[in-house]
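**Student:** sequence and predicted structure below; questions after.
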Amino acid sequence: MINFRGNKNNVMKRIYFILFAAVFSVEYSVAQISVTYIVNTSMERHSISPYIYGINNGSYHNATFRRLGGNRLSAYNWENNFSNAGIDYINENDNYMPWAMGLPLSEYLNPAACIVAFHDTSLAQGAASGITLPMVGWVSNDDTGVVTSSQLAPSPRWAKVIDKKSGPLLLMPDTTDDTIYVDEELNFIINTFGKATTSTGVTNYIMDNEPGLWCDQFPDMRSNCATYNELFTKSIALAGKVKGMDAAANVFGPELYGFTDYWDLQFATDAGDYSDPWLIDSYLKAMKHASDSESRRLLDVFSIHWYTAVPNVGSSDTTMATSSTRMQCTRTLWDSSYVENSWITASGFTNQLPILPHILSCIDSFFPGTKFGMTEYDYGGHGHISGGIAQTDVLGIFGNLGVNYGSIWPAVDGFVKLAFDMYRNYDGKNSTYGGTHVYAASNDTLSTIYSSTDDAASNTLHSIITNKSYTDSIEAIVRIKSGVIYKSVDAYYITQNDTAIRRISIPSSAISNDTFSYTIPPLSIYHFVFKDATALNVNGVYKNLLSLEVAPNPAHNTINIFYNLEDTRAGTITITDNNGKIAKRYNNLAGNSELTVSELPPGNYIIQLSDGVSEKTVRAVIIR
């Protein structure tokens with residue numbers, strides 16, 4: 001974090017917001033703090049992986065990566081689509097997966113029907129698929145309900161998993177031999193979609209799910225827990241089988257569930273046989289040694305899951321205390337100055353945090369060149385702006401640190417969806433955050449900033465800024481160092497009361513001498529899009545820019561309106577109340593007008609400027 005301190009007395013206030021806080025029932029004046037942000041488009045430039053905007057099993061249409069994974073996939077039988085719920089639901093063998101995916105009943109027993117439907121959906125929306133392959137040892141062999149402890153594998157309730165079949169690989173597999181073959185499953189996928197090098201092939205295969213919890217998740221399948229030796233041996237064999245059949249496909253592993261898995265594979269009995277401080281270290285060493293021995297890379301993406309250990313944060317709890325913590329605890333991913341309040345820090349593991357730099361350092365030390373993925377995570381609070389702010393931080397941090405793959409669990413909904421849209425569809429026209437990370441820093445932990453550019457010339461600059469305060473608006477002072485001069489800025493934003501992203505065209509006067517000033521209300525996320533003359537030019541003509549300023553604010557009897565249009569079109573001013581009802585409308589107003597508002601009831605209003613061609617510019621105002 002860079003320690004710059006802005007002097008708010010020296011900054012011209014372009015726009016001044018007075019808002020209601022949702023937690024109070026009376027009006028009050030929002031306090032304001034000054035935050036300085038530094039953006040430098042020539043520093044820390046690196047590509048942002050397109051695959052960090054991923055999901056698990058769900059249906060967010062702007063996702064770039066889709067993982068077919070989770071506990072169900074460990075015991076998924078590709079031959080007939082049966083799976084086992086484990087302790088998630090009474091240890092039941094059933095046909096839940098094809099049902100949950102909405103497949104016709106006539107397709108339930110078609111080989112790999114769930115995989116085919118999943119990848120078809122990925123292809124339709126231009127996303128990459130990650131398909132989980134089994135390694136736990138057994139998969140469901142029927143759909144007849146609860147498996148009891150007396151039916152522990154091996155038993156007819158389970159089909160054995162074998163990597164390599166001794167006979168011919170069939171597209172219509174034998175469902176009566178109580179065995180599934182992973183190479184036969186791969187052969188089916190490749191025969192159906194092509195190899196990873198084709199436009200329709202599956203490009204990513206994931207080696208099972210959360211091995212440290214196999215014995216806990218499937219107590220009626222396994223009587224023993226995974227060991228280091230089992231995990232390494234099975235991973236090397238399965239990765240070799242994938243690479244032997246589709247050399248260009250990415251192999252992911254080991255899908256560790258959380259911190260105790262990272263440390264010693266959930267208390268594995270043979271952890272003491274290895275001298276490394278983390279299972280992570282030993283796993284990377286084992287995969288590198290095997291890769292070197294076989295003269296081919298067996299692990300492409302080191303993948304983990306992360307659910308914060310801070311109490312209540314990952315839940316739907318939206319109390320102020322939990323929400324405030326939720327918006328800060330993403331710092332455990334990257335910020336060495338932050339110490340979270342969790343069992344991890346209470347147990348003396350603070351030196352293993354922040355988690356992402358530590359793991360990335362392990363990769364660099366023990367298997368350089370391996371990519372990194374966080375294939376499950378969730379910070380909760382989907383129905384509250386705090387969940388959206390946390391998700392905004394996660395995606396920004398992934399881009400900053402060079403994470404290669406990310407996929408949230410379980411769903412992209414509520415404010416979390418709006419946060420994804422801030423990166424993937426901020427204008428409702430599928431426009432996206434830039435693909436090149438550039439340096440950006442805030443001087444206050446109540447606000448984060450992430451910046452990127454669309455191209456090498458940095459003609460368009462994106463800056464996403466959060467305000468995590470419940471009570472204070474932020475007088476944002478963004479100092480931009482760039483080889484270009486930005487002529488305009490649009491803002492796309494959400495606040496705690498929004499259900500969709502809204503847009504404001506900001507006066508070009510807000511940018512002066514490489515400094516941009518703006519007031520950001522409490523509990524909000526703003527995506528600023530800066531453009532220089534090249535980006536603004538459309539068919540040789542600058543597109544019309546609108547600017548609007550309102551004073552005083554709050555107002556009593558009159559409001560002064562200042563606006564300009566860059567051509568001769570006349571402006572229309574519309575004043576609406578909080579319910580969207582039009583209170584007043586003025587046509588063909590001069591650019592400097594005084595409006596009488598004494599007849600309007602006291603309250604919050606929106607003032608909109610439109611020239612009939614460009615999109616509206618919006619300002620909030622309070623009338624006393």
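**Tutor:** Right, received. Where do you want to start? Being a predicted model, the structure only gives us computed values, none of them experimental. Numbering: from 1, shown residues only.
**Student:** per-residue confidence for the residue nearest to Tyr377 when sequence neighbours are not counted?
**Tutor:** Of all residues not flanking Tyr377 in the chain, Trp306 sits nearest, at 4.8 Å (CB to CB, 6 or more residues apart in numbering). Backbone N, C-alpha and C define where each C-beta goes, glycine included. Trp306 carries a pLDDT value of 98.
**Student:** what do you get for Asn560?
**Tutor:** You'll see Asn560 listed with a pLDDT of 79.
**Student:** partners of it in the sheet?
**Tutor:** Beta bridges link Asn560 to Ala551, Glu594, judged by DSSP bridges.
**Student:** which ones are touching it?
**Tutor:** Asn560 makes contact with Val550, Ala551, Pro552, Asn592, Ser593, Glu594, Leu595, according to CB atoms under 8 Å, 6 or more residues apart in numbering.
**Student:** next one: the fifth one from Tyr586, what distance?
**Tutor:** Meaning Ser593. Distance, Ser593 to Tyr586, by CB to CB, to the nearest Å: 7 Å.
**Student:** again with Ile115
**Tutor:** Relative to Tyr586, Ile115 is positioned 60 Å away (CB to CB).
**Student:** comparing those two, which residue is more hemmed in?
**Tutor:** Shown here are Ile115 and Tyr586; by other CB atoms under 10 Å, Ile115 has more neighbours (24 against 13).
**Student:** quick one: pLDDT of the more buried one?
**Tutor:** What the model reports as pLDDT for Ile115 is 98.
**Student:** and it, that one's in a helix?
**Tutor:** Yes: with DSSP: H, G, I helix; E, B strand; the rest coil as the criterion, Ile115 is located in a helix.
**Student:** correct me if wrong: it contacts Leu68.
**Tutor:** Yes: the pair Ile115 and Leu68 qualifies as a contact (CB atoms under 8 Å) at a distance of 6.7 Å.
**Student:** would you map the helices across this protein?
**Tutor:** Assigned by DSSP state H, the helices in the chain fall at 71-74, 96-100, 113-124, 182-193, 214-217, 228-245, 259-264, 279-294, 320-329, 343-346, 355-366, 385-401, 414-424, 533-536.
**Student:** just to revisit the earlier point, reformat the contacts of Asn560 as TSV; add distance to Pro254 and pLDDT.
**Tutor:** As requested, the contacts of Asn560 are arranged in TSV below (distance: CB to CB, whole Å; pLDDT from 0 to 100):
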residue	distance to Pro254	pLDDT
Val550	57	76
Ala551	60	77
Pro552	61	80
Asn592	66	69
Ser593	66	76
Glu594	68	82
Leu595	65	85
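**Student:** out of these, grab the one that's most surrounded.
**Tutor:** Val550 (21 neighbours).
**Student:** in this structure, which helix or strand is least confident?
**Tutor:** Counting by mean pLDDT, DSSP states H and E, the chain has its least confident helix or strand at strand 541-542, which shows a mean of 38.
**Student:** figure out how far stretch 150-164 is from the centre of its chain.
**Tutor:** Relative to the centre of its chain, stretch 150-164 is centred 37 Å away, using CA atoms, centre = their mean, to the nearest Å.
**Student:** now the residue nearest the centre of the chain: closest residue in space that isn't a chain neighbour?
**Tutor:** Closest residue to the average C-alpha location of the chain: Leu395 at 4.5 Å, with CA atoms, centre = their mean. Spatial nearest neighbour of Leu395, chain neighbours left out: Tyr423 (5.4 Å); criterion: CB to CB, 6+ apart.
**Student:** in JSON lines, list the helices of the chain along with distance to Ser47.
**Tutor:** Converted to JSON lines, the helices of the chain look like this (distance: least, CB to CB, whole Å):
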{"stretch": "helix 71-74", "distance to Ser47": "30"}
{"stretch": "helix 96-100", "distance to Ser47": "35"}
{"stretch": "helix 113-124", "distance to Ser47": "22"}
{"stretch": "helix 182-193", "distance to Ser47": "27"}
{"stretch": "helix 214-217", "distance to Ser47": "36"}
{"stretch": "helix 228-245", "distance to Ser47": "25"}
{"stretch": "helix 259-264", "distance to Ser47": "27"}
{"stretch": "helix 279-294", "distance to Ser47": "23"}
{"stretch": "helix 320-329", "distance to Ser47": "28"}
{"stretch": "helix 343-346", "distance to Ser47": "32"}
{"stretch": "helix 355-366", "distance to Ser47": "16"}
{"stretch": "helix 385-401", "distance to Ser47": "9"}
{"stretch": "helix 414-424", "distance to Ser47": "15"}
{"stretch": "helix 533-536", "distance to Ser47": "20"}
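**Student:** out of those helices, nearest to Gly253?
**Tutor:** Gly253 lies closest, by CB to CB, to one member of these: helix 228-245, at 5.3 Å.
**Student:** quick one, domains of the protein?
**Tutor:** 1-48+436-543, 60-71+115-135+187-424, 549-624 (automatic domain parsing).
**Student:** tabulate those (JSON lines), appending distance to Thr176.
**Tutor:** Below are the domains of the chain laid out as JSON lines (distance: least, CB to CB, whole Å):
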{"stretch": "domain 1-48+436-543", "distance to Thr176": "49"}
{"stretch": "domain 60-71+115-135+187-424", "distance to Thr176": "17"}
{"stretch": "domain 549-624", "distance to Thr176": "64"}
